[in-house]
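Asker: starting from these lines, generate the structure:
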Amino acid sequence: MPELPEVETTRRGILPHVCGVTMRELIVRRWDLRQPISANLPDLEGRKILDVSRRSKYLLLGIDDGSTVLIHLGMSGSLRVIDPEAEWKKHDHVGITLGNGMQLRFHDPRRFGLVLRLMEADPLSHVLLKNLGPEPLEADFTTAHLLAACGKRSVAIKSVIMDAGVVVGVGNIYASEALFRAGISPLTPANGLSKARLGKLVLAIREVLAAAIEEGGTTLRDFLNSDGKPGYFKQRLFVYDRKGEPCRVCGTEITHAVLGQRATYWCPKCQRG
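Answerer: This next block holds a predicted model:
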């Protein structure tokens, strides 16, 4: 699944091509995604895209009529800025032909994505967005916030930092990598961590996500950048998907377990409870 760095990479990739540009034509080839595509999406023809922002893993296209187009890439979706004459692929579901002669095309093989037109004056009040936690790279994600979130929760710390109500965008790959950087076992009960150790984890989350964004996102089977090039962060992973391989720091064999139905990787020597 594209995680926050992949989505942010996509946002940055499409922004210069769509911002301030009029939508000349809206093409919907398949309406039944995770939720049906908004029936009034084609009404946006002739409107202008003012901005492209991101909240968690959602992309938000601000439109000049006050509405917002919310896009979620689902499990395997992507956005491309391409020539409108390019051949449509089997799983290309939406095309927004732009006044600059290009087309923003939404591709989603598994159809777990979303393309919705939000009419709220404040799109962040929408049901999908209003209960999300702070952005991990913004000032309101603090040690004090994470300490309060851990509170009396005895669940594994990895489960807590992957809870979008606590902090958004810390998916499975980056949770594993951040816990390695912080020297914390993913199985450690959240309420057993000191403020100092949680402070290290907050910093590690910031660092690993910032590094991934800088590198262009993690190379996954189903993910490519908006320009069609894969991300390159995977080559720098320390623990994720490295079961049985030696730790890059100490040489100890990387351990694997399933936690909350997600594959979890850690170094038993570098990461302690």
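
Asker: and residue 103, how far is that from residue 53?
Answerer: 21 Å (Cβ to Cβ, to the nearest Å). In short, each C-beta sits where N, CA and C put it, glycine included.

Asker: quick one, which of the two is more surrounded?
Answerer: Neighbour count, other Cβ atoms under 10 Å: between residue 103 and residue 53, residue 103 has more, with 22 against 14.

Asker: surely residue 73 touches residue 79?
Answerer: Yes. The pair residue 73 and residue 79 qualifies as a contact (Cβ atoms under 8 Å) at a distance of 7.4 Å.

Asker: which residues do the two both contact?
Answerer: Residues touching both residue 73 and residue 79 by Cβ atoms under 8 Å, 6 or more residues apart in numbering: 10, 59.

Asker: nearest spatial neighbour of residue 237, skipping sequence neighbours?
Answerer: residue 177 (6.2 Å; Cβ to Cβ, 6 or more residues apart in numbering).

Asker: would that neighbour count as being in a strand?
Answerer: No. Secondary structure of residue 177 (DSSP: H, G, I helix; E, B strand; the rest coil): helix, not part of a strand.

Asker: pLDDT at it, what is it?
Answerer: pLDDT for residue 177: 96.

Asker: list the contacts of residue 149.
Answerer: 133, 160, 163, 166-167, 190.

Asker: CSV for those, including distance to residue 149, neighbour count and secondary structure?
Answerer: Below are these laid out as CSV (distance: Cβ to Cβ, whole Å; neighbours: other Cβ atoms under 10 Å; DSSP: H, G, I helix; E, B strand; the rest coil):
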residue, distance to residue 149, neighbour count, secondary structure
133, 8, 20, coil
160, 6, 25, helix
163, 8, 17, coil
166, 4, 21, coil
167, 8, 24, coil
190, 8, 23, helix
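
Asker: out of those residues, the closest to residue 202 would be?
Answerer: residue 167 (8.8 Å; Cβ to Cβ).
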